[in-house]
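*Asks:* Test case, fold it:
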Amino acid sequence: MSKAATKRRQKGSPARDRLGPLPEWDLSDLYPSQDGPEITKDIASSARAAARFAKRYQGKLTDLDGDTLAKSITEFEKIDEVLSRLMSYASLLYAGDMMDPENGRFYQSMQETVVGISSHLLFFTLEINRVSDRALSKKLKASAKLRRYAPWLRDSRAYRPHQLDDQLEKLLHEKAVAGRSAWNRLFDETMAELVFEVDLPKGKKSLSSAETLNLLSSVHGAERKAAAKALGKTLGENARVFSLITNTLAKDKEIEDKWRGFARPVSGRNLANYVEDEVVDALSQSVRDAYPDLSHRYYKLKAKWFGVRKLDYWDRNAPLPNADDRVIRWDDAVEKVLDAYGQFSPKLAGVAQDFFDNNWIDTPVRPGKSPGAFAASTVPSCASVSAFELSGKNPGCHDAGSRIGPWCASGARRQSGPFDVRHAFDAGRNRLGVRRNAHLPKIAGRSRQPEAAQDHVGLQGGGHAEHRCSADCVL
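*Replies:* Next up is the predicted model:
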């Protein structure tokens with residue numbers, strides 16, 4: 001870690017005094033350090049294993065019996081887990097401080113290394129997809145070991161209609177680091193470095209995007225307006241680079257979608273989520289049809305509470321009049337979340353407890369920290385990690401609880417294989433779409449919300465649109 005990065009980390013969150021000690025994530029469950037021998041060892045062993053794997057199986061998958069094919073998938077899975085572990089560590093370290101050049105160098109180096117090693121493995125799924133349905137069905141019927149991987153095989157083979165020639169696939173794979181990945185990194189680093197000059201009633205402050213967005217939920221209208229104006233000004237000043245990034249990525253996607261034969265821009269994303277275009281269309285249309293009865297009605301009602309005909313844009317996320325504005329200390333927030341999960345499921349509460357006890361959560365606001373919200377499930381043999389930038393308001397408790405939920409599904413399956421967890425987690429995530437918010441009534445019940453606020457929670461189906469994270473969350 002550079003001296004500048006150490007200084008930024010020591011400075012930490014301006015909310016520490018109000019919220020008590022805030023945890024910063026401990027990534028040692030992945031690797032002790034970025035320059036330790038463990039990383040060097042895993043890179044070398046993975047490179048050797050990938051070369052042996054290609055020599056043993058490339059061009060031969062069609063002729064393998066079911067048990068041998070299962071054995072090859074197990075070998076592939078083990079190499080994939082180590083490579084995923086390397087990239088999980090590098091990306092999380094980088095997300096913790098994107099302004100540290102050493103983190104950027106390490107992240108770039110790991111990307112290039114992992115892409116180089118995984119190029120030897122690319123043939124595997126391509127050849128599996130060329131096995132006929134009839135032949136694969138026979139192998140699955142004859143081998144109980146292979147049937148364990150039936151969900152993974154099904155999902156991998158969903159891409160068959162969009163698979164390109166092997167050499168084209170390899171070209172796209174190797175160019176990704178210098179293509180869309182590089183543009184994504186430029187966007188992330190640009191956002192992390194932005195400073196927003198917010199002209200507050202008590203004086204001008206230089207804030208990060210997370211801190212500025214947090215002010216949009218302030219109880220003071222002048223602060224919300226100042227934050228909105230600062231966001232518009234600073235983002236507008238950077239519109240040229242953001243437009244270039246967006247247009248380049250859009251064109252890149254258009255070209256690849258055309259080559260792969262996707263019907264629409266959304267089709268590739270839907271396939272990655274293993275859901276049909278028609279299902280997403282039906283969901284989107286249902287939401288649009290409900291606009292008048294939900295969001296339009298809600299904003300009219302909120303404008304009425306604020307005593308205006310039409311809300312200003314900076315008041316969209318404003319707390320309701322007389323809303324609970326207490327500062328909730330970190331220890332109290334943890335107690336609230338665990339108590340809520342315990343009432344829903346003691347087992348899930350136990351899994352969630354591990355995240356808090358082992359500092360697999362990163363909460364302070366820091367310069368250079370990746371803005372926005374994301375969650376990292378890493379690999380089954382290691383901890384999932386979560387993080388968010390906490391302001392100490394009640395919405396932050398809602399966010400902490402809802403973000404922990406999906407990862408309880410993966411945390412409870414740490415003894416499973418990576419390919420088992422991915423599909424079990426996808427199914428669990430779908431079921432947790434409702435369950436992840438099971439803590440909301442408990443937390444809301446402890447809040448001194450006026451009756452109007454309780455009506456608003458009902459309108460918003462759990463309060464997601466209004467009770468967003470107080471500050472942007474990195475999860």
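*Asks:* Relative to the whole chain's centre, how far out is the longest helix seen in the chain?
*Replies:* The helix spanning the most residues in the chain, taking DSSP state H as the definition, is helix 66-96. Taking Cα atoms, centre = their mean, to the nearest Å, one finds helix 66-96 lying 18 Å from the centre of the chain it belongs to.
*Asks:* What residues of that helix count as buried?
*Replies:* 66, 68-73, 75-76, 79-96 (16 or more other Cβ atoms under 10 Å). C-beta: built from backbone N, CA, C; applies to glycine.
*Asks:* same for it, what does it pack against?
*Replies:* Here helix 66-96 is seen to pack against helix 37-57, helix 101-118, helix 133-142, helix 144-147, helix 418-435 when contacts are counted using 3 or more Cβ pairs under 8 Å, 6 or more residues apart in numbering; DSSP states H and E.
*Asks:* what's the following helix or strand after the second one?
*Replies:* On the C-terminal side of helix 101-118, the closest following helix or strand by DSSP states H and E is helix 122-130.
*Asks:* residues in contact with that next one?
*Replies:* Contact partners of helix 122-130, identified using Cβ atoms under 8 Å, 6 or more residues apart in numbering, comprise 53-54, 57-59, 61-62, 72, 76, 153, 156-157, 159-160, 163, 166, 169-170, 173.
*Asks:* so who does the closest residue to residue 138 other than its chain neighbours touch?
*Replies:* The spatial neighbour of residue 138 that comes closest, neighbours along the chain excluded (Cβ to Cβ, 6 or more residues apart in numbering), is residue 66 at 7.9 Å. The neighbours of residue 66, taking Cβ under 8 Å, 6+ apart as the test, are 138, 139, 140, 141, 142, 143, 145, 146.
*Asks:* Neighbours of the fifth one, how many?
*Replies:* Translated: residue 142. 12 (other Cβ atoms under 10 Å).
*Asks:* shouldn't residue 366 be in contact with residue 97?
*Replies:* Yes. Residue 366 is within contact range of residue 97, at 6.8 Å (criterion: Cβ atoms under 8 Å).
*Asks:* Pull the most distant pair out of the contacts of residue 66.
*Replies:* When Cβ to Cβ is used, the two most widely separated members of the contacts of residue 66 are 138 and 145, lying 14.5 Å apart.
*Asks:* and the residue of the chain most remote from its centre, what pLDDT?
*Replies:* Distance to the chain centre peaks in the chain at residue 63, reaching 39.3 Å (criterion: Cα atoms, centre = their mean). Reported pLDDT at residue 63 in the predicted model: 94.
*Asks:* Phi first, then psi, for it.
*Replies:* Residue 63 adopts backbone torsions of phi -90, psi 0, taken as degrees, to the nearest 10.
*Asks:* likewise residue 203?
*Replies:* The phi and psi values for residue 203, taken as degrees, to the nearest 10, are phi 130, psi 160.
*Asks:* what bridges to it?
*Replies:* In this structure, residue 203 bridges to residue 200 when assessed by DSSP bridges.
*Asks:* just so I have it, where are all the strands in this protein?
*Replies:* With strands called from DSSP state E, the chain shows them at 196-200, 203-207, 361-362, 386-387.
*Asks:* which one of those has the lowest average pLDDT?
*Replies:* Note on the strands of the chain: lowest mean pLDDT is at strand 386-387, with a mean of 54.
*Asks:* Just give the number of residues close to the residue lying closest to residue 156 once chain neighbours are set aside.
*Replies:* Counting by Cβ to Cβ, 6+ apart, residue 125 is the residue found nearest to residue 156 once chain neighbours are left out, at 5.2 Å. For residue 125, the neighbour count with other Cβ under 10 Å is 19.
*Asks:* Pull up the per-residue confidence for residue 125.
*Replies:* Taking residue 125 on its own, its pLDDT is 96.
*Asks:* Give me the distance between it and residue 153.
*Replies:* 10 Å (Cβ to Cβ, to the nearest Å).
*Asks:* Kindly report the domain assignment for this structure.
*Replies:* When the chain is parsed with automatic domain parsing, its domains come out as 31-158, 186-293, 330-459.
*Asks:* Where does pLDDT dip in the stretch 101-250 of the chain?
*Replies:* Counting by pLDDT under 70, the stretch 101-250 of the chain shows no low-confidence range.
*Asks:* circling back to that earlier point, could the strands of the chain go into JSON lines alongside distance to residue 247 and mean neighbour count?
*Replies:* Listed next are the strands of the chain as JSON lines, based on distance: least, Cβ to Cβ, whole Å; neighbours: other Cβ atoms under 10 Å:
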{"stretch": "strand 196-200", "distance to residue 247": "24", "mean neighbour count": "18"}
{"stretch": "strand 203-207", "distance to residue 247": "29", "mean neighbour count": "14"}
{"stretch": "strand 361-362", "distance to residue 247": "33", "mean neighbour count": "24"}
{"stretch": "strand 386-387", "distance to residue 247": "31", "mean neighbour count": "26"}
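*Asks:* nearest to residue 133, of these?
*Replies:* Taking Cβ to Cβ, strand 386-387 is the member of the strands of the chain nearest to residue 133, at 39.9 Å.
*Asks:* Do a quick rundown of the helices in the stretch 301-450 of the chain.
*Replies:* Listed in chain order, the helices of the stretch 301-450 of the chain (DSSP state H, counting those that start in this stretch) span residues 330-344, 346-357, 394-411, 418-435, 440-445.
*Asks:* in the second one, what's buried?
*Replies:* Residues of helix 346-357 classed as buried by neighbour count (16+ other Cβ under 10 Å): 348, 349, 351, 352, 355, 356.
*Asks:* Any figure for the gap between the second one and residue 25?
*Replies:* Translated: residue 349. In this structure, residue 349 lies at 20 Å from residue 25, with Cβ to Cβ as the measure.
*Asks:* One more: the last one?
*Replies:* Distance from residue 356 to residue 25, counting by Cβ to Cβ: 11 Å.
*Asks:* ok, now the fifth one?
*Replies:* When Cβ to Cβ is the yardstick, residue 355 and residue 25 sit 10 Å from each other.
*Asks:* One more: the third one?
*Replies:* When distance is defined by Cβ to Cβ, residue 351 is 17 Å away from residue 25.
*Asks:* Next: the first one.
*Replies:* If you measure residue 348 against residue 25 using Cβ to Cβ, the figure is 21 Å.
*Asks:* Spatially, and excluding backbone neighbours, which residue is closest to residue 145.
*Replies:* In space, residue 145 is closest to residue 70, 3.8 Å off (Cβ to Cβ, 6+ apart).
*Asks:* my guess is that neighbour meets residue 150, correct?
*Replies:* No. Contact status for residue 70 versus residue 150: not in contact, 10.3 Å apart, counting by Cβ under 8 Å.
*Asks:* just for the stretch 351-475 of the chain, where's the confidence low?
*Replies:* The model of the stretch 351-475 of the chain has pLDDT under 70 over residues 372-376, 381-418, 420-475.
*Asks:* Would you mind confirming that residue 38 is in contact with residue 31?
*Replies:* Yes. If you go by Cβ under 8 Å, residue 38 and residue 31 touch, sitting 5.4 Å apart.
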